[in-house]
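*Asks:* From the sequence below, what's the structure:
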Amino acid sequence: MGRIDWSKSADLIERQVRAYEGWPVAWTMQGQRLLKIHAAKAVESKWSSGAPGDIMEATKKLTVKCGERSLEITSLQPESGRKMTSEEFIRGARGLLGKRLG
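*Replies:* Below is the predicted model of the structure:
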């Protein structure tokens, strides 16, 4: 029920994340691992290339391309991990740029 469909608009996904905060939580897959999304906001997409679900920015922000616009993830929880900011997640994860969620 909370699985994120990255082909949808960032505005719709942002509302889904807010609606499912707590339980059930909005989630996606990062490879074979579950990634819970606790907070996010829709932002204007500055990328013309890439497919929905592609991580387009992973320096201080975690930005994912959607069907329309992009979604900046601000709080998340990796499988078997604690809830953290996207900046904390990025520091611990390597090679995120260009990977696809979903």
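*Asks:* what about the longest strand in the protein?
*Replies:* As assigned by DSSP state E, the longest strand anywhere in the chain is strand 33-43.
*Asks:* I'd like the mean pLDDT over it, please.
*Replies:* Strand 33-43 carries an average pLDDT of 96.
*Asks:* which helices and strands does that strand pack with?
*Replies:* helix 10-19, strand 26-30, strand 70-78 (3 or more CB pairs under 8 Å, 6 or more residues apart in numbering; DSSP states H and E). The C-beta positions use only the backbone N, C-alpha and C, and glycine is treated the same way.
*Asks:* by contact count, what packs against the helix or strand just after that strand?
*Replies:* Per DSSP states H and E, the first helix or strand lying C-terminal to strand 33-43 is strand 55-58. When contacts are defined as 3+ CB pairs under 8 Å, 6+ apart, strand 55-58 sits against strand 62-65.
*Asks:* now the strand it packs on, how far from the centre of its chain.
*Replies:* Its chain's C-alpha centre and that of strand 62-65 lie 6 Å apart, by CA atoms, centre = their mean, to the nearest Å.
*Asks:* Pairing partners for that strand, with directions?
*Replies:* With DSSP bridges as the test, strand 62-65 is paired with strand 55-58 (antiparallel), strand 70-78 (antiparallel).
*Asks:* export the ones you listed to JSON lines and tack on mean neighbour count?
*Replies:* Output for the strands paired with strand 62-65, formatted as JSON lines (neighbours: other CB atoms under 10 Å):
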{"stretch": "strand 55-58", "mean neighbour count": "20"}
{"stretch": "strand 70-78", "mean neighbour count": "21"}
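*Asks:* Ok, which of those comes nearest Y20?
*Replies:* Closest approach to Y20 among the strands paired with strand 62-65 (CB to CB): strand 70-78, 12.7 Å.
*Asks:* Alpha carbons of that closest one, as CSV, please.
*Replies:* Presented in CSV, the C-alpha positions along strand 70-78 are these (Å, rounded to 0.1, in the frame of the first residue of the first chain):
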residue,chain,number,x,y,z
SER,A,70,11.6,15.5,-8.7
LEU,A,71,11.4,14.5,-5.0
GLU,A,72,13.9,15.6,-2.4
ILE,A,73,14.0,13.0,0.3
THR,A,74,14.7,14.7,3.7
SER,A,75,14.2,11.8,6.2
LEU,A,76,14.5,8.1,5.6
GLN,A,77,15.2,4.8,7.2
PRO,A,78,17.2,2.0,5.6
